[in-house]
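> predicted structure and sequence below. I'll ask about it afterward.
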Amino acid sequence: MADKARLAILISGTGTNMAALLYAARAADCPFELALVASNNPDAAGLKLAEAEGVPVFAQSHRGMTREDHDQLMHEALVLSGAHFVALAGYMRILTPGFVSKWQGRMVNIHPSLLPKYKGLHTHQRALDAGDNHGGCSVHLVTPELDDGPVLGQTQVAILPGDTADTLAARVLIAEHQLYSRCIARLVRGETTGSAEVSIGG
Ligand code: GAR
């Protein structure tokens with residue numbers, strides 16, 4: 001098989017999407033391998049898992065730094081790791097336009113809503129409050145605008161009677177773990193067009 005694309009993952013917290021990508025990358029036919037897991041939170045649980053699984057890690061707190069300086073340090077760590085692509089996986093930072101432009105077309109994000117609905121925070125509660133039948137998740141290319149950029153894939157998740165934001169979030173997370181590696185595989189193979197490919201329901 002041809003050389004695999006090197007993927008770096010940025011996390012801020014638990015890192016379950018990072019873990020899903022890490023284990024997806026173990027498959028022989030997966031077209032990407034993990035180059036780095038990096039975080040703005042040195043205590044992020046996901047860093048410990050990545051380290052235990054033999055993936056290089058990098059942590060740099062953003063506290064006391066300008067956004068530009070922090071993004072620059074993260075960028076240098078990404079370049080040093082030899083990353084070709086970057087996946088944001090619960091990376092709860094607003095990115096500077098300069099950082100975004102350096103990875104344009106090669107940086108993706110996963111967001112827990114059916115974009116363009118519910119950008120930002122509290123996506124599940126907003127879907128419940130609106131009386132939606134479905135929540136879901138989206139993978140999109142990162143552009144300077146928050147949770148914007150061409151959608152690469154979406155999965156709808158049914159909202160059940162009695163759902164709370166927490167129960168819905170837990171089911172959407174299962175869908176996230178399936179969707180993310182598929183979208184990244186298509187991107188690194190050059191198969192993606194940036195128009196939405198909805199995996200369920202459309
Ligand atoms: C995921 O649900 C992800 O979609 C969301 O944070 C969670 C991280 O969980 N991201 C955003 O809201 C970004 N706008 P994880 O750390 O277990 O992967």
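Good, I have the coordinates.
> what sits against the closest residue to the ligand within the chain?
Nearest to the ligand in the chain, going by CB to the nearest ligand atom, is Gly90, at a distance of 2.6 Å. Any C-beta I mention is one placed from the backbone N, CA and C, and that applies to glycine too. Gly90 sits next to Ile11, Ser12, Gly13, Thr14, Gly15, Thr16, Asn17, Met18, Ile110 when contact means CB atoms under 8 Å, 6 or more residues apart in numbering.
> ok so it is a helix residue?
No. Secondary structure of Gly90 (DSSP: H, G, I helix; E, B strand; the rest coil): coil, not part of a helix.
> please report the distance of it from Glu176.
For Gly90, the distance to Glu176 under the criterion CB to CB, to the nearest Å works out to 10 Å.
> and for Leu115?
Counting by CB to CB - Leu115 and Glu176 are separated by 13 Å.
> those two: who's more crowded?
Glu176 (24 against 21; other CB atoms under 10 Å).
> for that one, which non-adjacent residue is spatially closest?
Cys137 (4.6 Å; CB to CB, 6 or more residues apart in numbering).
> now for Gly90 and Glu176: what residues contact both?
Asn17, Ile110.
> SS state for Leu34?
strand.
> identify the residues contacting it.
Arg6, Leu7, Ala8, Ile9, Leu21, Leu22, Ala25, Ala50, Val55.
> leaving out the residues flanking it, which one is nearest to Leu7?
Phe32 (4.4 Å).
> what residues are up against that neighbour?
Phe32 sits next to Lys4, Ala5, Arg6, Leu7, Ala25, Phe85, Ile184, Ala185, Val188 when contact means CB under 8 Å, 6+ apart.
> I figured the first one hits Asp29, correct?
This means Lys4. No. Applying CB atoms under 8 Å as the test, Lys4 and Asp29 come out as separate, 10.2 Å apart.
> looking at those two, which is more packed in?
Neighbour count, other CB under 10 Å: between Lys4 and Asp29, Lys4 has more, with 15 against 6.
> mind listing what that one touches?
Lys4 makes contacts with Cys30, Pro31, Phe32, Glu33, as judged by CB under 8 Å, 6+ apart.
> excluding sequence neighbours, find me the nearest residue to it.
Nearest one to Lys4, counting by CB to CB, 6+ apart, is Glu33 at 4.4 Å.
> distance of that neighbour from Ala59?
From Glu33 to Ala59 the distance is 21 Å (CB to CB).
> ditto for Tyr23
22 Å.
> now swap in Ile9 and tell me
13 Å.
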